[in-house]
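In: Quick one: sequence plus predicted model below, questions after.
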Amino acid sequence: MILRRLARPMLAAIFISGGINALRSAEAHAEAAKPLLDPLAERYGDKLPGQVPTDPVTLVRIDGAVKVGAGIALALGKFPRLAALALSGSLVPTTLAAHRFWEEKDPAVRQQQQIHFVKNVSLLGGLLIAAVDTHGKPSVAWRARRAGHDLGDWISDTGGHVGHAVAVAPRKARKAVVGVLPG
């Protein structure tokens with residue numbers, strides 16, 4: 001419990017900071033993102049609905065807002081799994097756009113970009129762990145399977161009296177499903 005309260009804000013801090021930085025200097029971040037975004041816009045731009053922004057500055061601002069919002073949610077423990085998933089989705093394009101070490105000619109710059117790339121991959125690993133963390137409780141999928149098995153066992157325990165099982169099953173099913181809902 002205490003570990004989560006300490007680790008989540010520590011993990012979220014870099015995203016909140018990076019998101020604020022992206023919002024403050026969206027134009028500079030958009031320039032760094034253009035090598036990734038321009039080919040995608042050329043290839044898929046005409047297939048996207050008109051409401052989907054393709055302007056790099058707008059996309060950087062959206063990404064920055066996601067990082068700040070989801071970072072704060074993760075730090076505060078509000079919807080932490082969803083926040084970690086949103087940050088994961090935001091981290092991948094950021095990493096591919098900003099840390100393209102394989103394109104660098106200068107060995108010193110290449111090494112720095114490679115360090116940042118690997119750091120982001122490590123952060124992604126931490127986010128994926130946070131995205132599946134159930135606070136030590138069984139997952140919803142496990143509880144649903146368990147409830148289904150319990151209901152099936154109960155129906156078979158009625159001795160094959162299907163009419164009785166069907167009449168009582170909805171009440172048993174409601175009790176089983178209530179046990180599945182997160183508390």
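Out: Perfect, I can see it now.
In: Ile62: how many residues sit nearby?
Out: Residues near Ile62, counting by other C-beta atoms under 10 Å, number 15. (Glycine included, C-beta is placed from N, CA and C.)
In: One more: Ala70?
Out: Neighbours of Ala70 under the rule other C-beta under 10 Å: 27.
In: Average pLDDT for stretch 95-113, rounded please.
Out: For stretch 95-113, mean pLDDT is 92.
In: Show me what counts as buried in it.
Out: Thr95, Ala97, Ala98, His99, Gln113 (16 or more other C-beta atoms under 10 Å).
In: which two in these are spaced the farthest apart?
Out: Within the buried residues of stretch 95-113, Ala97 and Gln113 form the most distant pair, 11.6 Å apart (C-beta to C-beta).
In: picking that back up, let me have the buried residues of stretch 95-113 in CSV, adding distance to Ala41 and secondary structure as columns.
Out: Output for the buried residues of stretch 95-113, formatted as CSV (distance: C-beta to C-beta, whole Å; DSSP: H, G, I helix; E, B strand; the rest coil):
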residue, distance to Ala41, secondary structure
Thr95, 19, helix
Ala97, 13, helix
Ala98, 18, helix
His99, 20, coil
Gln113, 23, helix
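In: Redo those residues as TSV? Include distance to Phe79.
Out: Below are these laid out as TSV (distance: C-beta to C-beta, whole Å):
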residue	distance to Phe79
Thr95	23
Ala97	26
Ala98	26
His99	28
Gln113	33
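In: CA atoms only for the helix or strand containing Ala65 - export them in PDB, please.
Out: Element membership for Ala65 (DSSP states H and E) is helix 56-76. Provided in PDB are the C-alpha atoms of helix 56-76 (Å, rounded to 0.1, in the frame of the first residue of the first chain):
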ATOM      1  CA  PRO A  56       1.900  18.600 -35.500                       C
ATOM      2  CA  VAL A  57       1.500  21.500 -33.000                       C
ATOM      3  CA  THR A  58      -2.100  20.400 -32.100                       C
ATOM      4  CA  LEU A  59      -1.000  16.800 -31.700                       C
ATOM      5  CA  VAL A  60       1.900  17.800 -29.400                       C
ATOM      6  CA  ARG A  61      -0.600  19.900 -27.300                       C
ATOM      7  CA  ILE A  62      -3.000  16.900 -27.100                       C
ATOM      8  CA  ASP A  63      -0.100  14.700 -26.100                       C
ATOM      9  CA  GLY A  64       1.100  17.200 -23.500                       C
ATOM     10  CA  ALA A  65      -2.400  17.400 -22.000                       C
ATOM     11  CA  VAL A  66      -2.700  13.700 -21.900                       C
ATOM     12  CA  LYS A  67       0.600  13.400 -20.100                       C
ATOM     13  CA  VAL A  68      -0.300  16.100 -17.500                       C
ATOM     14  CA  GLY A  69      -3.800  14.800 -16.900                       C
ATOM     15  CA  ALA A  70      -3.000  11.100 -16.800                       C
ATOM     16  CA  GLY A  71       0.200  11.800 -14.800                       C
ATOM     17  CA  ILE A  72      -1.700  13.700 -12.200                       C
ATOM     18  CA  ALA A  73      -4.300  10.900 -12.000                       C
ATOM     19  CA  LEU A  74      -1.600   8.300 -11.600                       C
ATOM     20  CA  ALA A  75       0.200  10.300  -9.000                       C
ATOM     21  CA  LEU A  76      -3.000  10.700  -7.000                       C
END
